[in-house]
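Enquirer: Generate coordinates for the sequence data below:
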Amino acid sequence: MPKRIMQGTVVSDHGEKTIVVQVERRFKHPLLNKIVRKSKRFMAHDESNTHKTGDMVRIAECRPHSKRKTWEVVTDEASA
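Expert: Numbers count the residues shown, from 1 in each chain. This next block holds a predicted model:
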C-alpha cells in the first residue's frame, strides 16, 4: 500500500522530536457551490528537530511512534 504524503504548516514545535502540522484542504461545497477550507492537525516525528513554527513541511505515513504520532517529516534530497 502506498504511503500518503501531505503538505502543511508547522503550528507547534514544543515536543522533543515532535511537531504538530496543520494540513488544509479546499473543496467545493455541494449545496452552496462555494469553496470551503477545512484543516486538520497531525502529530509528526521530526528526527532532526530542525523544523520550527511557521515552516512548510511534507509529512508521510509511517509506523506508530507513539499513541497519536503516526506521521514523519519527509526530507527532500534535492533541497538537502
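Enquirer: what pLDDT does the residue nearest the centre of the chain get?
Expert: Centroid check for the chain by C-alpha atoms, centre = their mean gives Val21 as the closest residue, at 4.0 Å. Reported pLDDT at Val21 in the predicted model: 98.
Enquirer: mind showing which ranges of the protein have poor pLDDT?
Expert: Within the chain, the stretches with pLDDT under 70 are 76-80.
Enquirer: Try it again at 50.
Expert: 80 (pLDDT under 50).
Enquirer: about what we covered before: quick one: residues contacting the residue nearest to the centre of the chain.
Expert: Counting by C-beta atoms under 8 Å, 6 or more residues apart in numbering, Val21 makes contact with Met6, Gly8, Thr9, Val10, Val11, Arg41, Phe42, Met43, Ala44, Val57, Ile59, Trp71. C-beta here means a position set from N, CA and C on the backbone, and glycine is covered the same way.
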